[in-house]
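show me the folded form of this:
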Amino acid sequence: MLARIAARRLPQAFSVRSYSTGRVEGSVAESKGFNKKEKAHEDQYVRQHEQELLKKLRDQIDSKQKELESLQQQHEELANNNRPKP
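Sure thing, here's the model as predicted:
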């Protein structure tokens, strides 16, 4: 029983994928024009995604700066209220 299981799995464990490296003429997916257009679309998507991430980061920075200013103001008020009066 164990020998049959091992015999079935052995070829799968040592199988190697082979990819064709040659270019097939007439293939749309590998034509130069298609690759350039696809790359342009990918680059455009990446730029747009990075712009969105930068906007989110700027918004977070603005929010944290406002929070910091508020906390500093509260600290100053507490410090002024707790000072002994002469």
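
could I get the full set of helices for the chain?
2-13, 32-81 (DSSP state H).

next, format those as TSV and append mean neighbour count and mean pLDDT.
No exception for glycine: its C-beta is placed from N, CA and C like everyone else's. Shown next, in TSV, are the helices of the chain (neighbours: other Cβ atoms under 10 Å; pLDDT from 0 to 100):
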stretch	mean neighbour count	mean pLDDT
helix 2-13	8	55
helix 32-81	10	94
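
separation between N35 and V46?
16 Å (Cβ to Cβ, to the nearest Å).

hmm, I typed the wrong one, I wanted E67.
Taken as Cβ to Cβ, the span from E67 to V46 is 31 Å.

just I61 next, same as before
22 Å.

please apply the same query to G33.
20 Å.

count residues in the vicinity of P84, would you?
4 (other Cβ atoms under 10 Å).
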